[in-house]
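[1] Coordinates for the following, if possible.
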Amino acid sequence: MKKIAVVGAALENPAHTQKAFNDVVSAYKGIVKGRMGIPFDDENIAVISITVQAELDDINALTGKLGNIPGVTVKTAVSGGGK
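    Residues are numbered from 1 along each chain as shown. Predicted structure coming up:
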């Protein structure tokens, strides 16, 4: 059953982490429904929110790969219901 989820990520030192992050997200572009990024230049952090719709295994695969990138912290909220 497909779920809707919001993946929140904090990228420390985005100049070094953003390419790897974007490469992973691009690999899952089929499940990505929306994305918003906010740079905090003074703190050298970027915060990114990604809304996805997919099977739970695919959501977990995406978040697992993102969380394995050094300097990236990921939290996910998954919908409880759906069709």
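
[2] make it CA atoms for all contacts and neighbour counts henceforth
    Will do.

[3] for this structure, what spans make up the helices?
    With DSSP state H as the criterion, the chain has helices at 14-27, 56-67.

[4] Buried residues, the shortest one. List them.
    Buried positions in helix 56-67, judged by neighbour count with 16 or more other C-alpha atoms under 10 Å: 58, 59, 62, 63, 66, 67.

[5] On the pLDDT front, check the first one for me.
    Per-residue confidence at residue 58 stands at 97 (pLDDT).

[6] Tell me where this protein is predicted with low confidence.
    Within the chain, the stretches with pLDDT under 70 are 81-83.

[7] go with 90
    Along the chain, the parts satisfying pLDDT under 90 run over 1, 80-83.

[8] can you pull the contacts of residue 8?
    47, 48, 49, 50, 74, 75, 76 (C-alpha atoms under 8 Å, 6 or more residues apart in numbering).

[9] before we move on, what about residue 40?
    Counted by C-alpha under 8 Å, 6+ apart, residue 40 has contacts 46, 47.

[10] Look up how far residue 55 lies from it.
    In this view, residue 40 and residue 55 are 32 Å apart by C-alpha to C-alpha, to the nearest Å.
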